[in-house]
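Engineer: Predicted model and sequence follow; I will ask about them next.
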Amino acid sequence: MKLIKYFFYLSPIFIFILINVSRHLKSAELGSKSNPIKFYLTPSEDANKLTTTAKPLMEFLQKETGYYFTSAVPSSYVAIIEAFGTGRADVAIGLSAFAYLMANEKYGATALLRVVRDNGETTYRGQFLARVDSGIDSISDLQGKSIAYVDPSSTSGYLLPKAILKRKHIKPSEEVFAMRHDNVVTMVYQRQVDAGACFYSPPDPKTGKILDARMKVLQQFPDVAEKVKTIGLTEEIPNDPVIFRKDMPEKMKQKIVNALLDFVKTPQGQQDLYDAYGVVSFVPTKDSDYDVLRKMLKEQNIDYEKLIGK
């Protein structure tokens, strides 16, 4: 009888504990307010601009999916790759194709959407730039010249341009990383370096407007297209993917995919994503779409780990 009596008196306490434990477990679920989905924006653009872009995007995703989100703009591509390995990143946009291969190989991150840019382009290239008045007219002229690249894991802004130089046995006098495509263009324009490597997309076929990395500094340097020219191109590269952490629930991934497809159709989404990453729309993609790049890197004997210093 005593045991039953004690249980009777203590049962409210047990119920209170169970309720709070249950609430805690529920609040810790991914997508909850206390454990929001961590959405990373790749730092290929000005961080303040990306932060501005992130706010309406996160609000839209939360409204459409019912999940809570938080955004971050890390300091480098590599920081995002490692964040997938430690569970600090769930989704990332703007990561280069090569950085995606790294995140996939090391941590199983998966591409589910691919960026579409102006004129329906789903691929792009790397380019070498030089000033029009520099006397540098081709890649062969880069022997002994200083060159700015984007980032050690940038496909268009380092890996493929660097591979071309190696194939041609061209040795620059100095090589630096500017960390962003627009910074590379600026360094060439301001004569801080002799040449630079960054992304290339063909001009608009109707208007002739430049759509490569030079367009990102048109506001600061309206005459950039007259002062800085393209002197060489790399092979084609699949456009940047939107990637997801390996062990995220499939249903959650699909809801986010659908919400992103809806966001880019809205006036706000079109403007923000275009300003941030030149995104016109998204198309569904899969990991095997990037096999062409894997093959290209293998043929050129490019070592992932060695190139990013891991």
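Structural biologist: Everything's here; your move.
Engineer: who's in contact with A148?
Structural biologist: 175-178, 183-184, 187-188, 192-193, 195-197 (CB atoms under 8 Å, 6 or more residues apart in numbering). In this view, the C-beta of every residue, glycine as well, is placed from N, C-alpha and C.
Engineer: Next: V228.
Structural biologist: V228 makes contact with L129, A130, R131, V132, V185, V188, Y189, R214, according to CB under 8 Å, 6+ apart.
Engineer: Distance to V78 and pLDDT added to the contacts of A148, as JSON lines?
Structural biologist: As requested, these are arranged in JSON lines below (distance: CB to CB, whole Å; pLDDT from 0 to 100):
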{"residue": "E175", "distance to V78": "18", "pLDDT": "97"}
{"residue": "V176", "distance to V78": "17", "pLDDT": "97"}
{"residue": "F177", "distance to V78": "11", "pLDDT": "96"}
{"residue": "A178", "distance to V78": "16", "pLDDT": "95"}
{"residue": "N183", "distance to V78": "17", "pLDDT": "96"}
{"residue": "V184", "distance to V78": "18", "pLDDT": "98"}
{"residue": "M187", "distance to V78": "21", "pLDDT": "98"}
{"residue": "V188", "distance to V78": "24", "pLDDT": "98"}
{"residue": "Q192", "distance to V78": "24", "pLDDT": "98"}
{"residue": "V193", "distance to V78": "23", "pLDDT": "98"}
{"residue": "A195", "distance to V78": "24", "pLDDT": "98"}
{"residue": "G196", "distance to V78": "21", "pLDDT": "98"}
{"residue": "A197", "distance to V78": "18", "pLDDT": "98"}
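Engineer: Show me which of those residues are buried.
Structural biologist: In the contacts of A148, burial by neighbour count holds for E175, V176, F177, A178, N183, V184, M187, V188, V193, A195, G196, A197, counting by 16 or more other CB atoms under 10 Å.
Engineer: I'd like those written out as CSV, with secondary structure added.
Structural biologist: As requested, the buried ones among the contacts of A148 are exported to CSV (DSSP: H, G, I helix; E, B strand; the rest coil):
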residue, secondary structure
E175, strand
V176, strand
F177, strand
A178, coil
N183, helix
V184, helix
M187, helix
V188, helix
V193, coil
A195, strand
G196, strand
A197, strand
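Engineer: got a pLDDT number for the nearest residue to A28 once chain neighbours are set aside?
Structural biologist: Closest residue to A28 apart from its sequence neighbours, by CB to CB, 6 or more residues apart in numbering: N35 at 5.2 Å. N35 is assigned 95 on the pLDDT scale.
Engineer: ok, now how distant is N35 from G87?
Structural biologist: 11 Å (CB to CB, to the nearest Å).
Engineer: Equivalent analysis for E299, please.
Structural biologist: 34 Å.
Engineer: Would you mind measuring from G85 to Y149?
Structural biologist: Distance from G85 to Y149, by CB to CB: 25 Å.
Engineer: how about TSV for the contacts of V228, with secondary structure added?
Structural biologist: Listed next are the contacts of V228 as TSV, based on three-state DSSP:
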residue	secondary structure
L129	strand
A130	strand
R131	strand
V132	helix
V185	helix
V188	helix
Y189	helix
R214	helix
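Engineer: ok, of those residues, which one's closest to V73?
Structural biologist: V185 (20.4 Å; CB to CB).
Engineer: dump the residue contacts of A92.
Structural biologist: A92 neighbours (CB under 8 Å, 6+ apart): F39, Y40, L41, T42, I80, F84, A103, A109, V242, I243.
Engineer: just to revisit the earlier point, could you identify which of the contacts of V228 has the most neighbours?
Structural biologist: Most neighbours among those, by other CB atoms under 10 Å: V188, with 31 neighbours.
Engineer: how about the strands in the stretch 1-150 of the chain?
Structural biologist: 37-41, 69-72, 91-93, 110-116, 123-131, 146-149 (DSSP state E, counting those that start in this stretch).
Engineer: which neighbours does the fifth one have in its sheet, and in what orientation?
Structural biologist: Sheet neighbours of strand 123-131, with direction, are listed as strand 195-200 (antiparallel), strand 228-233 (antiparallel), strand 237-238 (antiparallel) (DSSP bridges).
Engineer: Show residues contacting it.
Structural biologist: Contacts for strand 123-131 (CB under 8 Å, 6+ apart): 117, 136-137, 139, 141-142, 155-157, 160-161, 184-185, 188-189, 191, 194-201, 212-214, 227-239.
Engineer: and the angle from it to strand 110-116?
Structural biologist: Computed by axes from the mean of the first three to the mean of the last three CA atoms, to 10 degrees, the angle separating strand 123-131 from strand 110-116 equals 60 degrees.
Engineer: what about dumping the CA coordinates of strand 123-131 to CSV?
Structural biologist: Extracted C-alpha coordinates of strand 123-131, given in CSV (Å, rounded to 0.1, in the frame of the first residue of the first chain):
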residue,chain,number,x,y,z
THR,A,123,27.4,25.4,-67.9
TYR,A,124,30.2,28.0,-67.7
ARG,A,125,33.9,28.4,-68.2
GLY,A,126,36.9,29.9,-66.6
GLN,A,127,38.7,32.8,-68.3
PHE,A,128,42.0,34.6,-68.2
LEU,A,129,41.8,38.4,-68.1
ALA,A,130,44.3,41.1,-68.9
ARG,A,131,44.3,44.8,-69.5
